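Undergrad: Here is a sequence together with a model predicted from it:
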Amino acid sequence: MKNQVKHPAKLALLALCINSAHGQDSGNPLEELIVVANRVPVSAKQLGTSVSVLNEADIIAHSNVSITDVIRQLPSVGASRNGPIGSATSLRIRGEEGFRTLTRFDGIKLSDPSGPQVQPQLQHIVSSGIERIEVLRGPQGLSFGADAGGVINITSKQGAGPLTGSIDGHAGSFGTNQLAMNLGAGTERADFYLSASSFQTEGFNARVSDTNPGDKDGYDNESFHGRVGINLNSQWRLDLVHRYNDGDTEFDGCTFTTNDCNSLYELQASRAQLKYSDAAMSHSFAVTQTKSDNDSLTQGVSAFTAKGKLDRVEYIGQLTELNGFDLVFGVDLEEESNNAISRDNIGYYGEFLSDFSDTLFFTAGVRLDDNDDFGEHTSIRVSAAHLIELGNDNTLKFKASAGTGFRAPSTAEIAYNAGAFASPPASNVQLKEETSQGFELGLEYFAGAHLKLEAVYFSQDVEDAILFDLQAFSGYLQDVGNSTSSGVELIADYSLSANWTLKGNYTFNETERPNGLQRIRRPENLANAGVSYRSSDGKLAFNAFYRSSANAVDGNTVLVPLDDFDVVDINARYQINENVEVYARIENALDEDYQEIVGFNSAERGSYIGAKLSF
């Protein structure tokens, strides 16, 4: 494996010169409506926060099956996976832990209470049927919850018009194959969209210490996602969503004597939302339930099980015709259950959004959380944005935001430290809540719809972060003091012509624990670049994506440098006729050999070919 010396200045220049706008709308990007920042649609020009957006064209262009492999190519998103696709995966936004990253799919909160730190099981989400992804970067714990160190909001398609559908299948390296089907339709009265997929791979040997090269660690995934909308009249709408996920992941090292190990995951999630809207206001009331079931098998025999349930009731209101401002407010009640242990949290929030100017915008919000075990906590967020018109359709935007939050120790963390598997020092620790704060300052430049440049400085810290004792495996410890993360994001999107588009981003992120050591698995340097071509007749599309990671470490008290790596993915699609499309892709085209977690292999070069039939 190689460990190259990276040059931040060179990567920054690359990011500003190699960019892509393959998913950008042809209209004014400042007028694009963003939901993830404030829970209600707000135009991009008003945002003082930083948001990355992937639309359906972007997701198709990236072509990856795992949604984490698509999202990880956005600014400030680091990822680590301990083996093939389907293995445990963490996405870290601006250096914060994966369990501080809140993920919602069509309004369903995907946090898994059965896991030790209630984080989303993102490795089980495939990209089929997804229309849009919005990523809010930074600790913006307000309307979504005070523990949100970043928010990923995923939206499926909404059926419209006559019945349409598709069948999509591909196969390739590592014994991989997938079959995906989508179906949707809509009228003025009702609409629906259904998406189902079946994915299998034989994988590869995940663990470096496993010297049996024939011991492949495979993965099976069955997914279903459906949404139905009914317009009761011109003001009232009912939305129903159901999601099912079944994952079977093979892994190594469940005992000292065998690598015959399986991790089984099942998710059942449902949501019902009733919404009223008119010109002056909107009100939304939703009820959500998610049930997760995890089972760890050793040589086919169940060794450990965990069940989780999340019941959530939420209300969101918006007043839009007040004098000079809009008001967003809400309340959410959440009951989190891990096996036989449960806990309630109720949150109230309100946010002021200025509406007195077309060039100057402010927001100010406050949230109060009342947690069964850790009492009341107040979180705040303020933001500002200022537009300067430079003429010739050029616009300069200044932005700034700051926010605070808190995270209560999970019931699993508390129970582990009090259980039979814990030992000193963790068994002697009385865990308390984490608190967080952060701010950002940014500048965006727009040249019509063809060019966008963005530079952001961010700084954030978590006080008394909870982490597992990787040295003595005694349980969960409190990292007393501030764990910090600060850096710079440079982002650019550019349309060269009607056929060629370019894209790039670079993130420098410096992290530090209270003991002065670098935080593990957080690269100081992340860079992504891409080039896309689409023929004038729209039949041929070609995409190439490059990602680089450098200066990351792993371990605990003794840190080990992780491999610096550069990965290139290439794909092409050709539309034979109105109904048939064929495609091919090569992942890790340069056959880079690297580790994202010490002791675990990453995928070698893989090639895949497939076809899509639409009707």
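TA: All right, it came through fine.
Undergrad: Number of residues surrounding residue 180?
TA: Residues near residue 180, counting by other Cβ atoms under 10 Å, number 22. Bear in mind the C-beta positions are built from the backbone N, C-alpha and C, glycine included.
Undergrad: Can you point out the helix or strand that includes it?
TA: strand 176-186 (DSSP states H and E).
Undergrad: buried stuff in that strand?
TA: Of all the residues in strand 176-186, those buried under the rule 16 or more other Cβ atoms under 10 Å are 176, 178-186.
Undergrad: so what does that strand touch, helix or strand wise?
TA: Packing partners of strand 176-186 (3 or more Cβ pairs under 8 Å, 6 or more residues apart in numbering; DSSP states H and E): strand 161-172, strand 190-204, strand 606-614.
Undergrad: Just the mean pLDDT for it, thanks.
TA: Per-residue pLDDT values across strand 176-186 average out to 97.
Undergrad: go on, stretch 100-111?
TA: Stretch 100-111 comes out with an average pLDDT of 92.
Undergrad: Start and end of that stretch, how far apart?
TA: 10 Å (Cα to Cα, to the nearest Å).
Undergrad: And it, how far out from the chain middle?
TA: Stretch 100-111 sits 9 Å away from the centroid of its parent chain (Cα atoms, centre = their mean, to the nearest Å).
Undergrad: Likewise for stretch 388-403?
TA: Using Cα atoms, centre = their mean, the offset of stretch 388-403 from its chain centre is 26 Å.
Undergrad: For it, list every residue counted as buried.
TA: 395, 397, 399-403.
Undergrad: Now do the contacts for residue 168.
TA: Counting by Cβ atoms under 8 Å, 6 or more residues apart in numbering, residue 168 touches 128, 178-182, 610-613.
Undergrad: of all these, which comes closest to residue 385?
TA: Closest approach to residue 385 among the contacts of residue 168 (Cβ to Cβ): residue 128, at 35.3 Å.
Undergrad: Doesn't that closest one belong to a helix?
TA: No: according to DSSP: H, G, I helix; E, B strand; the rest coil, the state of residue 128 is coil, so it is not within a helix.
Undergrad: ok, it to residue 70 distance?
TA: Distance of residue 128 to residue 70, computed by Cβ to Cβ, to the nearest Å: 12 Å.
Undergrad: Same check on residue 377?
TA: Distance from residue 377 to residue 70, by Cβ to Cβ: 34 Å.
Undergrad: worst-scoring helix or strand of this protein, pLDDT-wise?
TA: Scoring the helices and strands of the chain by mean pLDDT, DSSP states H and E places helix 8-17 at the bottom, with a mean of 38.
Undergrad: just checking, next helix/strand downstream of it?
TA: Helix 8-17 is succeeded, C-terminally, by strand 33-34 (DSSP H and E).
Undergrad: contact partners of that next one?
TA: Applying Cβ under 8 Å, 6+ apart, the contact partners of strand 33-34 are 41-44, 47, 51, 53, 134.
Undergrad: average pLDDT for stretch 453-470?
TA: Averaging pLDDT along stretch 453-470 yields 93.
Undergrad: what is residue 362 paired to in the beta sheet?
TA: residue 384 (DSSP bridges).
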